[in-house]
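J.: let me see the structure of the following:
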Amino acid sequence: MAQSMKPRDRKVKILATLGPASDTPEMIEELKRAGVDAFRINMSHGSQDEKKALFSHIRALEAKLRRPTTILVDLQGPKLRVGTFADGKVKVKKGDLITFDRDPAPGDASRVCLPHPEIFEALTPGSMLLIDDGKIRLTAKEVTADKIVAEVQVSGKISDRKGVNVPDVVVPIPALTEKDRSDLQFALEQGADWIALSFVQRPEDVAEARELIGDRAGILAKIEKPQAVERLEEILALADAVMVARGDLGVELPPEKVPPVQNKIVATARHHGKPVVVATQMLESMIFSPTPTRAEVNDVADAIYDGADAVMLSAESAAGDYPVKAVKMMDRIGRAVEEDERYFDRIHFTETRPEATTADALAESARGIARTISAKAMVCYTSSGSTARRISRERPSVPMLVMTASQQVARRLGLLWGSHAVHTRDVENFEEMVGKAKRMALRHHIAGKGDRLVIMAGVPFGVSGSTNVVHVVKVQGDELDIYQRRLEL
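T.: This is a model prediction of the structure:
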């Protein structure tokens with residue numbers, strides 16, 4: 001059996017999308033060894049049978065490397081599109097009027113079908129319509145139940161079935177389509193660790209998903225619409241994590257607004273102690289180039305300096321020419337940033353005050369203790385992952401070894417900043433807790449002889465939400481040998 005992988009020497013996680021360039025067992029293993037902590041399966045492309053093979057490949061690799069491996073399934077969400085044109089496309093120029101109606105007949109330069117009654121219901125005169133990722137901009141002049149007359153603000157071409165965005169209003173449409181519901185059921189049956197929700201506008205969208213998912217997977221809300229930003233606190237209260245989906249945000253918001261919105265989402269998620277992923281166009285030039293631009297490197301670095309839990313690769317790893325190089329580059333950027341002596345000062349610019357709970361107070365204290373005594377690592381026992389999230393929220397400067405009896409929890413922690421999760425049986429008493437912490441720290445190369453560890457756990461053991469112990473121990477270096485001799489006896 002292969003030896004367990006050593007912990008990463010960085011704390012930020014890498015989430016990589018699988019696709020045609022990376023869907024073989026060999027490539028998935030190469031990406032994992034290059035630095036991937038979690039894999040994204042995008043349900044917008046391909047069949048469920050194809051995705052089932054990816055699950056199989058990842059779980060086989062997990063068994064081979066003896067490391068919990070995280071799978072995030074990204075649901076497509078509703079897609080708003082125009083209809084078709086008689087000639088396949090039309091050219092429109094600034095000042096032209098074009099009518100969007102409910103007639104499915106092929107359109108021309110003066111009218112086209114918009115097969116989404118919800119848009120007619122939501123729009124008012126003055127609302128903006130964006131077509132083809134914002135390349136064409138129009139302003140609604142007249143709106144009825146079956147007709148929208150809009151004036152072109154930015155000239156260009158519109159072709160068949162191009163996407164439509166309406167950034168000014170909440171569209172009364174569920175975040176989960178029938179396809180999404182089918183894909184969600186499939187993902188849960190396959191054992192997905194995280195479900196990413198697209199087209200989230202309101203906290204009710206997350207609540208609807210929670211009713212279907214329960215606790216079978218974590219829910220990650222993609223923040224890709226201005227309406228979601230406005231209700232971010234409410235969404236975070238219901239979701240388990242969020243994603244800064246900059247591609248869609250950049251369509252519905254002016255480009256210069258995206259950086260401060262990204263900063264707000266990251267800071268708010270950290271305040272709530274929920275993982276936050278920064279995604280889209282991070283190393284986009286590496287789709288076709290073996291090296292990124294300097295601006296892209298700075299972009300990834302800024303997200304890490306802000307304290308994001310994870311950074312994501314999309315087409316770079318799914319369909320690019322250099323998927324492994326892209327992962328290695330992101331890994332190098334992460335390590336370089338975290339080696340910067342100013343890094344921990346920067347990430348602690350964001351204030352994350354503890355809640356008035358014993359667990360939060362202990363997590364804050366444990367970070368201070370680890371810093372004061374120069375501990376080598378923090379070790380925590382967790383049943384639900386809550387203790388690990390509380391420690392991670394504090395952004396300690398030392399590695400965090402997380403031990404849990406739940407394989408499901410161990411896998412979900414692949415998106416949590418700084419965590420190295422180990423799936424192991426629970427402990428039954430204080431002595432066993434201390435001994436196992438030392439052995440696992442040695443076995444996973446997190447600590448060595450003479451190093452000190454700060455341990456957090458809950459008594460009674462195995463009870464979720466009972467974190468009430470902080471304990472400091474010193475590793476003697478012979479704990480593994482003593483344990484092996486006991487087994488032989």
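
J.: for the chain, give me the ranges with low pLDDT.
T.: Residue ranges of the chain with pLDDT under 70: 1-4, 462, 465-466, 479-489.

J.: in it, which residue is most central in space?
T.: In the chain, the C-alpha nearest the mean C-alpha coordinate belongs to residue 277, at 3.9 Å (C-alpha atoms, centre = their mean).

J.: list the contacts for that residue?
T.: With contacts defined as C-beta atoms under 8 Å, 6 or more residues apart in numbering, residue 277 is in contact with 15, 220, 241-244, 308-312, 415. (Glycine included, C-beta is placed from N, CA and C.)

J.: doesn't residue 52 belong to a helix?
T.: Yes - counting by DSSP: H, G, I helix; E, B strand; the rest coil, residue 52 is found in a helix.

J.: and the gap between it and residue 186?
T.: As for residue 52, its distance to residue 186 is 8 Å (criterion: C-beta to C-beta, to the nearest Å).

J.: and the two? Which one has more around it.
T.: For residue 52 versus residue 186, the count of surrounding residues by other C-beta atoms under 10 Å is larger for residue 186: 17 against 14.

J.: assign the more buried one to helix, strand or coil.
T.: With three-state DSSP as the basis, residue 186 sits in helix.

J.: would you agree it is in contact with residue 49?
T.: No - in terms of C-beta atoms under 8 Å, residue 186 does not count as a neighbour of residue 49; the distance is 9.8 Å.

J.: which residues does residue 58 contact?
T.: Residues near residue 58 by C-beta under 8 Å, 6+ apart: 28, 39, 69, 71.

J.: what's the helix or strand the last one falls within in contact with?
T.: Applying DSSP states H and E as the criterion places residue 71 in strand 70-74. Judged by C-beta under 8 Å, 6+ apart, the contacts made with strand 70-74 from elsewhere in the structure are 15, 37-44, 51, 55, 58, 183-184, 187, 191-196, 198, 217, 220, 222, 411-415.

J.: can you flag the buried ones in those?
T.: Among these, those classed as buried by 16 or more other C-beta atoms under 10 Å are 15, 37-43, 51, 55, 58, 183-184, 187, 192-196, 198, 217, 220, 222, 411-415.

J.: need the contact list for residue 318.
T.: Under the criterion of C-beta under 8 Å, 6+ apart, the neighbours of residue 318 are 17-22, 42.

J.: pick out the most distant pair among those residues.
T.: 21 and 42 (12.8 Å; C-beta to C-beta).

J.: which parts of stretch 196-205 are buried?
T.: Within stretch 196-205, the residues scored as buried using 16+ other C-beta under 10 Å are 196-203, 205.

J.: specify which member of those residues is nearest to residue 360.
T.: When these are compared against residue 360 (criterion: C-beta to C-beta), the nearest one is residue 203, at 23.3 Å.

J.: my read: the closest one touches residue 231, true?
T.: Yes - with contact defined as C-beta under 8 Å, residue 203 counts as touching residue 231 (6.1 Å).

J.: restricted to buried residues, select the contacts of residue 58 in ChimeraX.
T.: A single ChimeraX command selects the buried members of the contacts of residue 58 (16+ other C-beta under 10 Å):
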select :28,39,69,71
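
J.: tabulate the contacts of residue 58 (JSON lines), appending distance to residue 132.
T.: Shown next, in JSON lines, are these (distance: C-beta to C-beta, whole Å):
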{"residue": "28", "distance to residue 132": "33"}
{"residue": "39", "distance to residue 132": "30"}
{"residue": "69", "distance to residue 132": "37"}
{"residue": "71", "distance to residue 132": "32"}
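
J.: where's residue 212, which helix or strand?
T.: Following DSSP H and E, one finds residue 212 within helix 203-213.

J.: just residue 299 next, same as before
T.: Using DSSP H and E, residue 299 maps to helix 294-305.

J.: now the strands for the stretch 251-400 of the chain?
T.: 276-279, 310-313, 377-381, 400-404 (DSSP state E, counting those that start in this stretch).

J.: which strands or helices does the third one pack on?
T.: Judged by 3 or more C-beta pairs under 8 Å, 6 or more residues apart in numbering; DSSP states H and E, the packing partners of strand 377-381 are helix 358-372, helix 386-393, strand 400-404, helix 430-443, strand 452-458.

J.: residue 330: which of those is closest?
T.: helix 386-393 (19.6 Å).

J.: ok and the closest one relative to strand 377-381, angle-wise?
T.: Interaxial angle of helix 386-393 relative to strand 377-381 (axes from the mean of the first three to the mean of the last three C-alpha atoms, to 10 degrees): 150 degrees.

J.: and helix 386-393, what other elements does it pack with?
T.: Contact here means 3+ C-beta pairs under 8 Å, 6+ apart; on that basis helix 386-393 packs against helix 358-372, strand 377-381, strand 400-404, strand 419-423, strand 452-458, strand 467-474.

J.: what would those look like in a markdown table with mean neighbour count?
T.: Converted to a markdown table, those look like this (neighbours: other C-beta atoms under 10 Å):
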| stretch | mean neighbour count |
| --- | --- |
| helix 358-372 | 18 |
| strand 377-381 | 28 |
| strand 400-404 | 26 |
| strand 419-423 | 24 |
| strand 452-458 | 24 |
| strand 467-474 | 17 |
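
J.: for residue 108, find the nearest of the ones you listed.
T.: strand 419-423 (56.6 Å).

J.: residues making contact with the closest one?
T.: Surrounding strand 419-423, the residues in contact under the criterion C-beta under 8 Å, 6+ apart are 7-8, 68, 388, 392, 399-407, 409-411, 413-414, 440, 444, 446.

J.: tell me what the residue nearest to the centre of the chain is bridged to.
T.: Per DSSP bridges, residues listed as beta-bridge partners of residue 277: residue 243, residue 310.

J.: what's the span of stretch 347-358, first residue to last?
T.: Start to finish, the residues bounding stretch 347-358 are 24 Å apart (C-alpha to C-alpha, to the nearest Å).

J.: good, wrapping up.
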